[in-house]
Structures are given as C-alpha cells and as structure tokens.
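Enquirer: Just a sequence and a predicted model for now, questions to come.
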There are 2 protein chains.
Amino acid sequence: MGIGTVSRVFNGHPNVTKATREKVLAVAKRLNYQPHVYAQGLARQRTNTFAAIIPFFTNYFFIEVLQGVQEKISSIGFDLILHGINHPDEIDESLRRSSRRGRVDGILFFSMRLPDTFAKKWKDLELPIVLVDTFHEAFDSITVENFQGAQTATEHLISLGHKNIGMITANIKSDPASIRLEGFRAALKKHNMEVNEKNIIVSDVTKLDGFSRDAGYLAMKEMLKLGPQLPSAIFISSDVQAIGAISALREKGLRVPDDVAIVSFDDIELAQHFGLTTMRQPMHRMGELAVDQMLKRKENPSALPVQMRFMPELVVRQSCGAKKISPHIEDYVHYTAPQDERTGNENTLSTR
Amino acid sequence: MGIGTVSRVFNGHPNVTKATREKVLAVAKRLNYQPHVYAQGLARQRTNTFAAIIPFFTNYFFIEVLQGVQEKISSIGFDLILHGINHPDEIDESLRRSSRRGRVDGILFFSMRLPDTFAKKWKDLELPIVLVDTFHEAFDSITVENFQGAQTATEHLISLGHKNIGMITANIKSDPASIRLEGFRAALKKHNMEVNEKNIIVSDVTKLDGFSRDAGYLAMKEMLKLGPQLPSAIFISSDVQAIGAISALREKGLRVPDDVAIVSFDDIELAQHFGLTTMRQPMHRMGELAVDQMLKRKENPSALPVQMRFMPELVVRQSCGAKKISPHIEDYVHYTAPQDERTGNENTLSTR
DNA sequence: CTACCTTGTGGAAGCCCTTCCAATAATAAA
DNA sequence: TTTATTATTGGAAGGGCTTCCACAAGGTAG
C-alpha cells in the first residue's frame, strides 16, 4: 500500500478501489492509526480552526453569541480556539497570537473596537476576520441596529403615554452605548418631545464598559436624586443594567412598572425571568452567521466587505406596563449593594 | 545564516551571539517572518494547546469555571480549544476529536460522567486528561465535597431551628445531585430527625439534568402541593433552581425567608443578587487548578492519579433567614412560567 | 492483436520547523 | 605560537502528511 493511497482513502478521494480502501481501513484499525492533525495542517496549509476573540463572557450576551458560534463551528467539523479578553491590553496579544502563521484559518472578533494598528496591517495578511457586534468598514461585520432599536424602545414608552422619559446608558466610550443614546434622543425629537439632559444618566463605570448590574444599580441611584421629577419611564441600555436599576428602585420602595416603566436592550435569558420588556438581539443566530460569513469569505477572499445588520425586535413583557399583570407580591429581599463581597475587579475593558 | 541558527534565535536558545541574534531578528522583521505554528508543532511533537470539553455553559457554573481555565491557559501561552456539549452524543465525538493524534496536549473534561468506553482505552493513549467536577478513579480530578457541602447546608437550616426541612434536587442521574441528596439525608439523620420522603422533590427534568431555573420552578410547584405541610426550610441543589423555586413561591404569595427559608448550592454570581444563602464552590479557582494539574501531569505522566476535593463554604445571605433584613418591598412582576416563549430545547444532557 | 484511454497505485517532493551532529571560530591555557 | 577547550554555526535528518507526476493495469475500439 503506497503512502499516497492511504492518504486518498482517508480523505475520501474518488480514485480508490473498494477493495484497497477496505484493506487500508482494516490495517488502519488494527494499527489504531489516525492521521496527525498538525501534519495534515502543515501539508494542506490550513488548520480547520477559527479563533474567537471575545470580551470575557461574564456578560450573558456573549455566552449566547458564543454558543451560536461554537455550535456552528463544530457542525462543520472545525475547532474553535477561544480567547477571552479581560483587559484591553490582551486584545493586541490575542490578535497577534491568532495571526501567527498557520495558527487558525480565520478570526471572529467580538464587540470590541478593532485596534487601528491592526486594521491597517490586516489587509496584507491573507487571514480573514469577521466582526460581530462591532464595526469596521474594511471588514465583514454582523451588527445590530442599535440606533433603530433604541428608537423603537423609546417610542414604545412614548406610545404608552409617558411624557417624562429618561435613559440610563452604559459607558459612552462603547459604541453600542453611545449609539443607543443617540437613538433615544432621536425618538424624543421625532415626537417633538424635549430631551431633558438631567434625565440621562451616563454610567462612568469602566468595568465591562458599564454593561453590568452594578453599573445599572449605581446609575439608578443617581437618577433617584431627581426626586419628584423622576421620569415615569426609563430606557436602559442593557438588560443587566436594568436588573441592577430595578434593585435600586425597589430599595426606594418604587415599583416597576407602576411607578417607573422600563424598557431595556438585549433580551438575555434572564430578561424573561425578570419580566423585562426589551429589544431582542438574535444573539445565537448572530454567532452562527458569523461563522457562515467566515466560510464565505474564505471562498471568496477578494469580495467586498459584507455588512449585515439585524433589526432588534421589541419583546413586550411586564416591565413597561403595557401588559397588566396579576397582583403584586412582596419581594423577599433587598439587593445587597455592589461590591459587598465579591472583590471588584477594576480592570477596564472597552467592550459592549 | 543557517536555518538552525534562526530556529535557535526564535526559541531563545543560549548559544547564539548577540550579533547574530540581532541580525536574524532584523531580517525576520524585514521579511515579516513568523514561525509556522503547525510546523513547530509537528517538529516538536506538541501543540501547546489544551481542549476543554464542557457541557454547554448556559449554566453559570461553567462560565465561571471556564473563565478560570481560560485565563490560566492564556497566561502560560497555551491555546484553548473549546468543545461545548449540548447533547450527550457529542461527548464521544468531542473526545474523539480531541484525542486525534497531535491535536492537543491534554484534555480538560467537565462535569460529565466520563464514558466507560473511553476510560478504558485511555490508559493506552499517552494523552493526559483532567476531570473537573466529576470523578473517575483512574484520572486526575478536581471536585467539590458535595456530600459534606449538602450536609453543612442542611445543618445550617437545622441550627436555625427548623423542624420540617425539605429538599429539591436536580435530576438524580447526575452525580452532584444524587450526592447532595445523600448529604441532606445524612444531616437529618445525624440530628435524629426523620427524613420525610414527601419533602424530597427529585426533578425529572432532563435538560441540563434539572440544574435549571425551570426545573426549580416546577419542583417547587410540586412541593407546594404539600399545602400546610410545606417545609419551613428547603435545601435546593443549585442556585439556579433556587431562583426558579422562589418564583414559584412568590406566585403563591409565600415569602422567603419568612415563610420558607432556603439554602442552595454553587454561589454563582447571581446568588448575591438574589440574596441566596448558598454553598460556595470556588469555581474560578477550580478552573485554574485544573490547568495546573494538567501541567503537572504532563511533567510526570506516570504519577498516581491526583484527586483534589474542595470543601464548599457556607455563604450566609438573606434567603435562609439568619440575617434579618429591612422591610419587605413589593415585588414588581410575576415570573412568567417556563417555556413561555423561548423554545424549549429538549435535548437531554447528562451533566451537572 | 494493436493502439489508445481510463482508472488506480506508488512514491518523490514539498509543507516548515526542531534537533542533533559535525565543522568552524573564538578563546584560554601552555 | 601551538594546542586544548569551549562557544557558535550550518545543515542533514526527521516529524507526518498532501499532492502531483509517472507508471502499471485493465478496457475499449479498430
């Protein structure tokens, strides 16, 4: 049996007699033979592996996207190398590691601003990259219409008759946060309502760019200082923040949606549990699509960058007050204020 | 410049003159040269890569462990190949893929029972494997004292004076669930209390082995049928279940901890938010240790299997009633019953 | 029975490193 | 200055595949 023949058998090439094929397979089984992955990779000049660079997924949004990615990647028989980013410095490092010649066949880059230095020198590199939940004109990207989404969310509150509407947004340095804020403003303007700057609380929390429960809690604390002028409805830039914000409201004895109506963004799994009205992002789907796009890009490396944008969908639950619900039930416990025991890791991370 | 010299420079071998080193480096930079990862792997016969096989991390427990793993792996300059398992069938497939010759240098296997077929043929394979949150005598493992932990949790409730104590447990097919149940029983016996079988609700949910909010919700619904004999205190086998269970209680107008005291298990991030008294597992740390153990195992492949067991720690918050809290506040919303909109993925998965 | 296609098979070359050994250069000792 | 050491350097061999080319074998048509 020639060495080439064996290769042909294992790779399902057509020109092999059934007899030889079986003979090869038999011997292979007896010897417990398996092709050496790296040797194949070296010879074929590809790895069948993608890297995913993700700001660490303590944030539920990423978990769901990552799940989509991972399932899709497995289904096509590829492997996924995971780079969790906890600190902005790690971005460069991860990109560099992933770009090492022969390491992976492509990179999925999530939710973080692609460093300009990389954006430039990337075009030389033949390595495809797909951006998810972030944008760069030079590369394929899959994003959500944050502007439109925020507008829709806000308009929902307007349509419920609210006149005094506020917003709590995550750290403005993050694209999604700032764009959602713009959408909020646009909605009010569109309906000839004045934008009261005091009604806008911008989180200055740096951890997770303010997309966290703690940040939401603190922001609402801040907003509560408005006292009687407290908005009757608030758009909050993410579900996790909304959960924190609700805790702050509870502490003051304020009820959602009766005293304050809330619409948030993301529709993470918990949103359902908390009865949050929110803008649903097809997270799982976005993960899958990212992989699909990666494959397409590999087939046609020179095509123009593709930009997919999803329209988030309004999911009406209870927190906005549109759906009336059964009698209120007493809550059982206070939210213990942030940092009570878990050590607050103050790494800043520019992310979603 | 000889080819060997270049290699020496890139690998930091000592015997290279400063002059040559710099010359090589200069040329390398000019040519934008990088060693080819797979070629290195082939020549060195190692990949600097570990695989992690994890039941999919919609479950917060895994996220936290995975984070520990990922950080540690990056810190030693290795790569992590992630295999998320959604269906039991995928376990074999993942193990097989990871075991392919030259694919990875080691496998971290999480929370699932290692298939016997693999356990056997593994010893031939030179590939190290470390088990986390699961056990097999033949391999290194890092687990938590589920028995002791459950016992401690139960004793805490006993010490608070409860006489009628119940337990809600996840699917008994899962090791942690069944062991925690045993610990519960042992605690009662130790204190000469009778074990009332009606007070034990065993979840028959298969998805995530019943370690889910829905399962907890349903189990509590079931338990509520006890009516006036409802236990005054309940030990629940995980935090997520406890959260679901609390929702069910709320629906009935019952308050935690006043009407029912609760202690659960895991101490996921959300536990704090919900004020759950729970048994803390050092999840992040377990992830790191798994990697450490992997490295040790590689240094000394023939050492006897190491079994590390952590003692979970009781974290007292509000749900057990030991800490009295400020006046109750009305809750704002019902828990919308399971499966209201998210399509219930009914894959069964034998996991934690 | 030839001449000409197919189809299948063996193996060299190439993928890109690391590692080892031999050769050379530099240095120290005599 | 010569010899014995030691520090560098070059490059062949080897790691395990894929791919391509040449050749053999089997078929078909003339």
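Expert: Perfect, I can see it now. Numbering: from 1, shown residues only, chains lettered A, B, ... in the order given.

Enquirer: all strands for the stretch 101-250 of chain A, in order.
Expert: In the stretch 101-250 of chain A, strands defined by DSSP state E, counting those that start in this stretch lie at A:106-110, A:129-132, A:140-144, A:165-169, A:200-202, A:233-236, listed in chain order.

Enquirer: what about the stretch 51-200 of chain A, any weak spots by pLDDT?
Expert: A:57-58 (pLDDT under 70).

Enquirer: on that earlier part again, could you dump the strands of the stretch 101-250 of chain A to TSV with mean neighbour count?
Expert: For the C-beta atoms, the positions are set from N, CA and C on the backbone; glycine is no exception. What follows is the strands of the stretch 101-250 of chain A, written out as TSV (neighbours: other CB atoms under 10 Å in any protein chain shown):
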stretch	mean neighbour count
strand A:106-110	26
strand A:129-132	27
strand A:140-144	23
strand A:165-169	27
strand A:200-202	20
strand A:233-236	29
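
Enquirer: So for B:His13, which of those strands sits nearest?
Expert: Closest of these to B:His13 is strand A:106-110, at 30.6 Å (criterion: CB to CB).

Enquirer: who does the closest one touch, helix- and strand-wise?
Expert: strand A:49-55, helix A:60-75, helix A:89-99, strand A:129-132, helix A:283-299 (3 or more CB pairs under 8 Å, 6 or more residues apart in numbering or on different chains; DSSP states H and E).

Enquirer: Out of the ones you listed, which is closest to chain B?
Expert: The minimum distance between chain B and these falls on helix A:60-75, with 4.4 Å, by CB to the nearest CB.

Enquirer: can you tell if that closest one touches chain B?
Expert: Yes - Helix A:60-75 is in contact with chain B by CB under 8 Å from any CB of the partner chain, via A:63-64, A:67, A:70-71, A:74.

Enquirer: Make TSV from the residues you listed and add neighbour count and distance to DNA strand D to it.
Expert: Output for those, formatted as TSV (neighbours: other CB atoms under 10 Å in any protein chain shown; distance: CB to the nearest atom of the strand, whole Å):
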residue	neighbour count	distance to DNA strand D
A:Ile63	23	35
A:Glu64	23	35
A:Gln67	20	31
A:Gln70	24	25
A:Glu71	18	26
A:Ser74	21	20
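
Enquirer: Please list all residues in contact with A:Ala170.
Expert: Shown in contact with A:Ala170 (CB atoms under 8 Å, 6 or more residues apart in numbering or on different chains): A:176-177, A:203, A:205, A:209-211, A:215, A:237-238, A:241.

Enquirer: try 7 Å this time
Expert: A:Ala170 makes contact with A:177, A:203, A:209-211, A:215, A:237-238, A:241, according to CB atoms under 7 Å, 6 or more residues apart in numbering or on different chains.

Enquirer: next one: A:Ala150
Expert: Counted by CB under 7 Å, 6+ apart, A:Ala150 has contacts A:180, A:183-184, A:235.

Enquirer: out of the residues you listed, which one sits closest to A:Val104?
Expert: Once CB to CB is applied, the member of the contacts of A:Ala150 that ends up nearest A:Val104 is A:Arg180, at 32.3 Å.

Enquirer: Distance of the closest residue to the closest one other than its chain neighbours relative to B:Ser7?
Expert: The shortest distance from A:Arg180 to any non-neighbouring residue, by CB to CB, 6 or more residues apart in numbering or on different chains, is to A:Ala150 (4.0 Å). A:Ala150 sits 55 Å away from B:Ser7 when distances are taken as CB to CB, to the nearest Å.

Enquirer: list the contacts for the residue in the stretch 1-150 of chain A that DNA strand C sits nearest to?
Expert: Residue nearest to DNA strand C within the stretch 1-150 of chain A: A:Gly4 (2.1 Å; CB to the nearest atom of the strand). Counting by CB under 7 Å, 6+ apart, A:Gly4 makes contact with nothing.

Enquirer: does it sit in a helix or strand, and which one?
Expert: helix A:3-10 (DSSP states H and E).

Enquirer: Is there contact, residue-wise, from that helix to DNA strand D?
Expert: Yes - for helix A:3-10, a contact with DNA strand D is found by CB under 7 Å from any atom of the strand, at A:3-4, A:6-8, A:10.

Enquirer: Report the buried residues of that helix.
Expert: A:5-6, A:8-10 (16 or more other CB atoms under 10 Å in any protein chain shown).

Enquirer: okay, the angle between the next helix or strand after that helix and helix A:3-10?
Expert: Counting by DSSP H and E, the next helix or strand C-terminal to helix A:3-10 is helix A:18-31. On the basis of axes from the mean of the first three to the mean of the last three CA atoms, to 10 degrees, helix A:18-31 is oriented at 90 degrees to helix A:3-10.

Enquirer: looking just at contacts, which helices and strands does helix A:18-31 meet?
Expert: When contacts are defined as 3 or more CB pairs under 7 Å, 6 or more residues apart in numbering or on different chains; DSSP states H and E, helix A:18-31 packs onto helix A:3-10.

Enquirer: pLDDT averaged over the helix it packs on, what's the number?
Expert: Mean pLDDT, computed over helix A:3-10, is 91.

Enquirer: starting at the chain centroid, how far to that helix?
Expert: 43 Å (CA atoms, centre = their mean, to the nearest Å).

Enquirer: Can you tell me which residues in the stretch 1-150 of chain A are near chain B?
Expert: A:34, A:36-39, A:41-42, A:47, A:56-58, A:63, A:67, A:70-71, A:79-82, A:84, A:86, A:100-103 (CB under 7 Å from any CB of the partner chain).

Enquirer: go with 8 Å
Expert: So the stretch 1-150 of chain A meets chain B at A:34-39, A:41-42, A:47, A:49, A:56-58, A:63-64, A:67, A:70-71, A:74, A:79-84, A:86, A:90, A:97, A:100-103 (CB under 8 Å from any CB).

Enquirer: Buried subset of those residues, written for PyMOL?
Expert: In PyMOL, a selection of the buried entries from the residues of the stretch 1-150 of chain A next to chain B looks like this (16+ other CB under 10 Å):
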select buried, chain A and resi 35+36+37+38+41+42+47+49+56+57+58+63+64+67+70+71+74+79+80+81+82+83+84+86+90+97+102+103
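
Enquirer: Now cross-check the residues of the stretch 1-150 of chain A next to chain B against DNA strand C and list the overlap.
Expert: A:39, A:42, A:101-102.

Enquirer: Out of those residues, the closest to A:Asn192 would be?
Expert: Checking those one by one against A:Asn192 (CB to CB), the nearest turns out to be A:Arg101, at 58.1 Å.
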